[in-house]
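Participant: could you look at this predicted model? Sequence included:
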Amino acid sequence: MGIENKKRVAALVRLLSSDQQGEALSSLSALKRMCSLNDLGNFIEGLDVGNGNSLSKQQMKELYEAGYDDGRSSFKREMEQKNTQKNGSAPWEDIADIDDAIFGKTDDYKVKYCNTHKDKLKKQREKEFIDNMVNWTTVRQKPLTEPQKKWINDIYSRLGGT
């Protein structure tokens with residue numbers, strides 16, 4: 001694999017973790033077109049983490065951020081192109097938050113939504129959980145853990161969030 005293909009493969013592998021089933025399946029199909037999954041497995045097995053040739057945490061962070069930024073830029077260009085074709089202009093500003101446009105509603109958004117509508121909940125435990133998550137995401141500025149995400153998503157759905 002050439003370096004450009006490695007970057008593309010890495011981006012597609014990251015997309016496999018998408019919670020959007022269609023996006024993950026499309027990523028898998030694209031991976032299969034780019035290389036055999038056996039070759040990819042062999043490549044991964046060939047990475048000897050303990051031989052001193054491994055990437056530092058800083059290098060991994062830089063690679064991840066470069067891939068993330070590239071994905072955001074590609075999406076923005078694609079949206080601008082689509083909007084230009086539809087409207088004759090590129091009203092990119094219509095999309096308030098690129099992460100919301102790409103990934104759907106953020107966890108912070110869901111926590112705020114639940115907090116706004118928590119008076120509809122019957123269980124005091126859920127209301128207290130939402131209060132804690134408001135503190136967690138705004139005051140402490142921490143990302144939600146997987147169990148917290150699961151519970152917030154459940155409450156968000158029951159409160160009518162879409």
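Facilitator: On my side now, so go ahead. Numbers count the residues shown, from 1 in each chain.

Participant: and the longest helix along the chain, how far out from the chain middle?
Facilitator: Looking across the chain with DSSP state H, the single longest helix is helix 57-87. With CA atoms, centre = their mean, to the nearest Å as the basis, helix 57-87 stands 12 Å off its chain's centre.

Participant: so which elements touch it?
Facilitator: Under the contact definition 3 or more CB pairs under 8 Å, 6 or more residues apart in numbering; DSSP states H and E, helix 57-87 sits against helix 3-15, helix 98-103. In this view, the C-beta of every residue, glycine as well, is placed from N, C-alpha and C.

Participant: buried residues in the helix or strand just after the shortest one?
Facilitator: Pointing back at helix 98-103 there. The first helix or strand that comes after helix 98-103 along the chain, using DSSP states H and E, is helix 107-117. Neighbour-count burial for helix 107-117, counted by 16 or more other CB atoms under 10 Å, picks out D107, D108, Y109, K110, V111, K112, Y113, C114, N115, H117.

Participant: re earlier: angle of the longest helix of the chain against helix 3-15?
Facilitator: With axes from the mean of the first three to the mean of the last three CA atoms, to 10 degrees defining the directions, helix 57-87 sits at 80 degrees from helix 3-15.

Participant: let me see the mean pLDDT of helix 57-87.
Facilitator: For helix 57-87, mean pLDDT is 74.

Participant: likewise for stretch 120-140?
Facilitator: Mean per-residue pLDDT for stretch 120-140: 92.

Participant: pull the residues that contact that stretch.
Facilitator: With CB atoms under 8 Å, 6 or more residues apart in numbering as the contact definition, stretch 120-140 has outside contacts at 107-108, 111-112, 114-115, 118, 142-144, 148, 151-152, 155, 159.

Participant: stretch 152-162 too?
Facilitator: 105, 107, 110-111, 113-114, 117-118, 120-121, 126, 129-130, 133, 144.

Participant: need the max-distance pair from those residues.
Facilitator: Across these, no pair lies farther apart than K120 and L144, at 21.0 Å, counting by CB to CB.

Participant: which one of those two has more residues nearby?
Facilitator: Legend: neighbour count by other CB atoms under 10 Å for K120 and L144, higher for L144 (18 against 12).

Participant: and the buried residues of helix 107-117 as TSV, adding pLDDT and distance to V13?
Facilitator: Below are the buried residues of helix 107-117 laid out as TSV (pLDDT from 0 to 100; distance: CB to CB, whole Å):
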residue	pLDDT	distance to V13
D107	84	23
D108	84	27
Y109	84	27
K110	89	27
V111	91	29
K112	89	32
Y113	88	32
C114	92	32
N115	92	35
H117	92	37
